[in-house]
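In: Sequence first, predicted model second:
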2 protein chains.
Amino acid sequence: MKRNIKRALFITGLVGIAFSFLACNYTINNEKVTDMKSNEEELDFIFPKGNLGPKELFTGNAYNIGLVDIDDVYTTAVGNVYFEPGARSNWHTHPSGQILIITDGVGYHQIEGEPIQIIKKGDVIKCPPHTKHWHGASPDTGLQQLYIVPNTENGIVDWMEAVTDVQYNNIK
Amino acid sequence: MKRNIKRALFITGLVGIAFSFLACNYTINNEKVTDMKSNEEELDFIFPKGNLGPKELFTGNAYNIGLVDIDDVYTTAVGNVYFEPGARSNWHTHPSGQILIITDGVGYHQIEGEPIQIIKKGDVIKCPPHTKHWHGASPDTGLQQLYIVPNTENGIVDWMEAVTDVQYNNIK
């Protein structure tokens, strides 16, 4: 009887080992899976991903979704851009400036002649009218950013040349 | 020797049981903790919570943080309001209208004379100029909402009377 109890405990013990091993392994695997996850899956998507931006205007993959279309009532364009790690816009200006609201991730913003500014979840960035700038994700982490372009009666954006790798990597 | 191996496996087995039990219990406890979390902790806070809105303008607890101050460059006010469940603004109008962007939670928006509209994460709502409306959280879930007030040279907001419980509960 005593031997049977011991045997039962022994078997249960083995099941326990197996279970805890599986549990650990699952956790470990989960972490590995997390590590292997593309950045896209780690960031919060408040809005649909949108459409891939054209290669003429973006380096890497940036996806844009318009949230407020331009009209003469609100005279404001609003949208969201998801930048994959390493992706960025070309240099550009806005006739009435632009407001960026970072809702997730880590990225870069640079006004011409100034150092690259690291931007992250919760940051709000203003770029004045007719000021040359670019924005995008950091090399390792993507970026979710809302953009607000005010006073669209003056125009929206004037696109310029691509941000070179040398410019992108010139972090101080 | 064989008995020692069995004993070692038996003890390891017990440790295994204990470990797996702890692991399960931890998960279960974690779920319980999640269930007990207040709504505030369940919602994503992109921005600091901000300051409690005055009782004269809000029913329940609504917290406002300004993100873009009014100036004559961008002529746009941007901020975030976190509404606790059941909290809502008074009725009000905006001279140039308002854009709401819901970043988390579930809430209500109503334009005077129209049914209450249920709003949730990812929704974008426009309220035209000089149009009486109110917005807030649903009774059970809070709301995180960005607001954009364009063309602030015309003014920001004109506050009116509170939304009664009868009005708030008039969901169709």
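Out: Happy to help now that I have it.

In: And chain A, what are its domain boundaries?
Out: Using automatic domain parsing, the domain ranges for chain A come out as A:2-38, A:51-168.

In: mean pLDDT lowest for which of the ones you listed?
Out: When the domains of chain A are compared by mean pLDDT, domain A:2-38 comes last with a mean of 41.

In: so which of the domains of chain A gets nearest residue B:88?
Out: In terms of C-beta to C-beta, the element of these nearest to residue B:88 is domain A:51-168, at 23.0 Å. (Each C-beta comes from the backbone N, C-alpha and C, glycine too.)

In: Can you tell me the element residue A:41 falls in?
Out: Under the criterion DSSP states H and E, the helix or strand holding residue A:41 is helix A:39-42.

In: Quick one: name whatever helix or strand follows that helix.
Out: strand A:51-52.

In: who's in contact with the residue positioned nearest the centre of chain A?
Out: Among the residues of chain A, the one closest to the centroid is residue A:143, at 2.0 Å (C-alpha atoms, centre = their mean). With contact taken as C-beta atoms under 8 Å, 6 or more residues apart in numbering or on different chains, residue A:143 is in contact with A:81-83, A:102, A:104-107, A:119, A:135-137.

In: mind running it again at 10 Å?
Out: Residue A:143 makes contacts with A:39, A:43, A:62, A:81-85, A:87-88, A:100, A:102-109, A:119-121, A:135-137, as judged by C-beta atoms under 10 Å, 6 or more residues apart in numbering or on different chains.

In: Can you tell me which of those end up in strands?
Out: With strands taken from DSSP state E, the overlap with the contacts of residue A:143 comprises A:62, A:81-83, A:88, A:100, A:102-109, A:119-120, A:135-137.

In: show me which of those neighbour chain B.
Out: Contacts with chain B within the ones in strands among the contacts of residue A:143, as defined by C-beta under 10 Å from any C-beta of the partner chain: A:102-104.

In: quick one: which of those residues is most hemmed in?
Out: Compared across these, residue A:103 has the highest neighbour count, 25 neighbours, by other C-beta atoms under 10 Å in any protein chain shown.

In: ok, which stretches of chain A are strands?
Out: Counting by DSSP E, chain A forms strands over residues A:51-52, A:58-59, A:62-68, A:77-83, A:88-89, A:92-93, A:98-111, A:117-120, A:124-127, A:133-137, A:143-149, A:158-159, given from the N-terminal end onward.

In: Any chance of the ones you listed in JSON lines with distance to residue B:113 as columns?
Out: Formatted as JSON lines, the entries for those read as follows, by distance: least, C-beta to C-beta, whole Å:
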{"stretch": "strand A:51-52", "distance to residue B:113": "36"}
{"stretch": "strand A:58-59", "distance to residue B:113": "44"}
{"stretch": "strand A:62-68", "distance to residue B:113": "23"}
{"stretch": "strand A:77-83", "distance to residue B:113": "26"}
{"stretch": "strand A:88-89", "distance to residue B:113": "43"}
{"stretch": "strand A:92-93", "distance to residue B:113": "42"}
{"stretch": "strand A:98-111", "distance to residue B:113": "32"}
{"stretch": "strand A:117-120", "distance to residue B:113": "42"}
{"stretch": "strand A:124-127", "distance to residue B:113": "35"}
{"stretch": "strand A:133-137", "distance to residue B:113": "41"}
{"stretch": "strand A:143-149", "distance to residue B:113": "29"}
{"stretch": "strand A:158-159", "distance to residue B:113": "42"}
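
In: And these: which comes nearest residue B:66?
Out: Once the strands of chain A are compared by C-beta to C-beta, strand A:124-127 is nearest, at 9.7 Å.

In: can you give me the end-to-end distance of stretch A:110-120?
Out: 14 Å (C-alpha to C-alpha, to the nearest Å).

In: Return the distance of it from the chain's centre.
Out: Distance, stretch centre to chain centre, for stretch A:110-120: 17 Å (C-alpha atoms, centre = their mean, to the nearest Å).

In: which residues are contacting that stretch?
Out: Residues lying outside stretch A:110-120 but in contact with it, judged by C-beta under 10 Å, 6+ apart, are A:88, A:91, A:93, A:100-102, A:104-109, A:123, A:125, A:127-128, A:131-138, A:141, A:143, A:145, A:160, A:163, A:167-172.

In: Could you list the buried residues of it?
Out: When neighbours are counted by 16 or more other C-beta atoms under 10 Å in any protein chain shown, the buried residues of stretch A:110-120 are found to be A:110-111, A:116, A:119.

In: Right, I'll call it a day here.
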